[in-house]
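J.: Just a sequence and a predicted model for now, questions to come.
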Amino acid sequence: MTKAIVVAKNGDASVLQWQDISLPPLSADEARVEHTAVGFNMIDTYMRKGLYPLPLPAVLGVEGVGVVAELGADVSGLAVGDRVVYLTREPGAYSEQRNVPAARLIKLPDAISDDIAAASYLKGLTVWALLTESYAIKAGDTVLIYAAAGGVGSLMCQWATSLGATVIGVVGSEEKIEQAKHYGCHHVINRQQQDILTTVRELTNGEGVQVVYDSLGNSTFNQSLDCIAPLGTMVSFGNATGPVEPFNIMMLAAKGSLKLVRPQVFAYVEKREALEKASAVLFEMISSGKITVEISQRFHVSEAARAHDSVESGKTTGATILTFK
């Protein structure tokens, strides 16, 4: 038996229950990981609410960090005691232990702590996919990034700046402006007090930006399209304000022959070669100091409901992790 956060029905954070579960026998191609930390991500809230449907009951969490406790018969390249990090399509990380396909496990460099890995792995791989694959940022580009002081946004702004882009960050409160600047934003828009489109046009001399990274979804999608320069790219990758409603695709042509990308990080790192490449790039970005991972909140995994409520309040900055001590 092991303890885990279980969702038996969709709903608010109160549906998260800390209880005993039984792990299935270890398959030949799996390793059992004893978790030390788990990253909190907005996708966890989408799964909890049912926006991304799961067979229930389910254990949340798609990334985890820990120590290999046991190996399946066919697993090679790993040893009991190895520090590892992983990302999986299927949730199950909000647990003391978990069986994980060995092909998804990446050994952690000594320079990357368990907490930093938990705070940055999915977010960092997401940023890698957004800034280099969904749209390849070039030096001289001007980019618009929503939730610039959040977990993903804080890494994205630093990373984009290191690539030579001019970063316009969007935040939801006055308190987050200085934080976004700290993360590398050249300009910051408080969407509660400023009109995003008007401000973007002023900052770009009426031209618009080369790419928008919109994690909010429903409330900002249309104005985000209007912020883009002709032939630019819209990357819609989140649903913080709800899913984007259906729209006429001809709108992309009318607004300047725009490109629309709806990425999901799992597709970009499905193959082992891509997973290893992206992980190595992320670890180098952290160890070299090009990006700094800031953990704003730590909760014991049994208090996952508090973590969900806190982040969904919109008042947090940086990353949130769940720990097991």
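T.: Sure thing, it's come through. Numbering: from 1, shown residues only.

J.: Next one, pLDDT for Lys315 please.
T.: Per-residue pLDDT puts Lys315 at 79.

J.: Correct me if wrong: it contacts Val171.
T.: No - Lys315 lies out of contact with Val171 (C-beta atoms under 8 Å); the separation is 11.3 Å. Any C-beta I mention is one placed from the backbone N, CA and C, and that applies to glycine too.

J.: for the chain, what spans make up the helices?
T.: Assigned by DSSP state H, the chain shows helices spanning 42-49, 114-128, 151-162, 177-182, 196-203, 221-226, 250-254, 265-268, 272-287, 304-312.

J.: Now render the ones you listed as a markdown table, adding mean pLDDT, mean neighbour count and distance to Ile189.
T.: What follows is these, written out as a markdown table (pLDDT from 0 to 100; neighbours: other C-beta atoms under 10 Å; distance: least, C-beta to C-beta, whole Å):
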| stretch | mean pLDDT | mean neighbour count | distance to Ile189 |
| --- | --- | --- | --- |
| helix 42-49 | 94 | 21 | 21 |
| helix 114-128 | 97 | 26 | 20 |
| helix 151-162 | 95 | 26 | 13 |
| helix 177-182 | 94 | 19 | 9 |
| helix 196-203 | 97 | 18 | 5 |
| helix 221-226 | 96 | 19 | 11 |
| helix 250-254 | 96 | 11 | 23 |
| helix 265-268 | 95 | 18 | 26 |
| helix 272-287 | 97 | 17 | 26 |
| helix 304-312 | 95 | 20 | 21 |
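
J.: and Asp20, which of the ones you listed is closest to it?
T.: helix 304-312 (15.5 Å; C-beta to C-beta).

J.: related to what we said a few turns ago, between Lys315 and Val171, who's got more neighbours?
T.: Val171 (27 against 11; other C-beta atoms under 10 Å).

J.: residues touching that one, list them.
T.: For Val171, the contacting residues are 147-149, 177, 179-180, 188-191, by C-beta atoms under 8 Å, 6 or more residues apart in numbering.

J.: ok, what's across the strand from Val235?
T.: Going by DSSP bridges, Val235 is paired in beta bridges with Tyr213, Val261.

J.: ah, wrong one, I meant Gln97
T.: So, taking DSSP bridges as the rule, Gln97 has Glu34 as bridge partners.

J.: Now for it: which residues touch it?
T.: 2, 23, 32-35, 69.

J.: Over to Pro25?
T.: Pro25 makes contact with no residue under the criterion C-beta under 8 Å, 6+ apart.

J.: Val33 too?
T.: Counting by C-beta under 8 Å, 6+ apart, Val33 has contacts 64, 66-69, 84, 86, 97-100, 105.

J.: State the number of residues packed around Pro230.
T.: 10.

J.: give me every residue that touches it.
T.: Pro230 neighbours (C-beta under 8 Å, 6+ apart): 208, 256-258.

J.: pretty sure Val211 contacts Cys227?
T.: No - at 9.9 Å, Val211 does not count as touching Cys227 under the criterion of C-beta under 8 Å.

J.: Quick check: closest non-adjacent residue to Ser215.
T.: Of all residues not flanking Ser215 in the chain, Gly238 sits nearest, at 3.1 Å (C-beta to C-beta, 6 or more residues apart in numbering).

J.: what about the one you found, distance to Gly151?
T.: 11 Å (C-beta to C-beta, to the nearest Å).

J.: and if you look at Ser134?
T.: For Ser134, the distance to Gly151 - C-beta to C-beta - is 18 Å.

J.: that older thread, could you identify the most distant pair in the contacts of Pro230?
T.: Farthest pair in the contacts of Pro230, by C-beta to C-beta: Gly208 and Ser257, 12.7 Å.

J.: Between those two, tell me which one has more neighbours.
T.: Gly208 (23 against 10).

J.: contacting residues for the more buried one?
T.: Counting by C-beta under 8 Å, 6+ apart, Gly208 makes contact with 200-201, 226-230, 232, 256.

J.: Kindly report the same for Phe324.
T.: Residues in contact with Phe324 (C-beta under 8 Å, 6+ apart) are 35-37, 96, 300-301.

J.: Tabulate those in CSV, adding columns for neighbour count, distance to Arg272 and pLDDT.
T.: Formatted as CSV, the contacts of Phe324 follow (neighbours: other C-beta atoms under 10 Å; distance: C-beta to C-beta, whole Å; pLDDT from 0 to 100):
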residue, neighbour count, distance to Arg272, pLDDT
His35, 25, 22, 98
Thr36, 18, 24, 98
Ala37, 25, 23, 98
Glu96, 17, 27, 98
His300, 13, 33, 97
Val301, 25, 28, 97
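
J.: Closest one to Leu51 out of these, please.
T.: Taking C-beta to C-beta as the measure, Leu51 lies nearest Val301 of those, at 22.2 Å.

J.: surely that closest one meets Ile5?
T.: Yes - using C-beta under 8 Å, Val301 is in contact with Ile5, at 6.3 Å.
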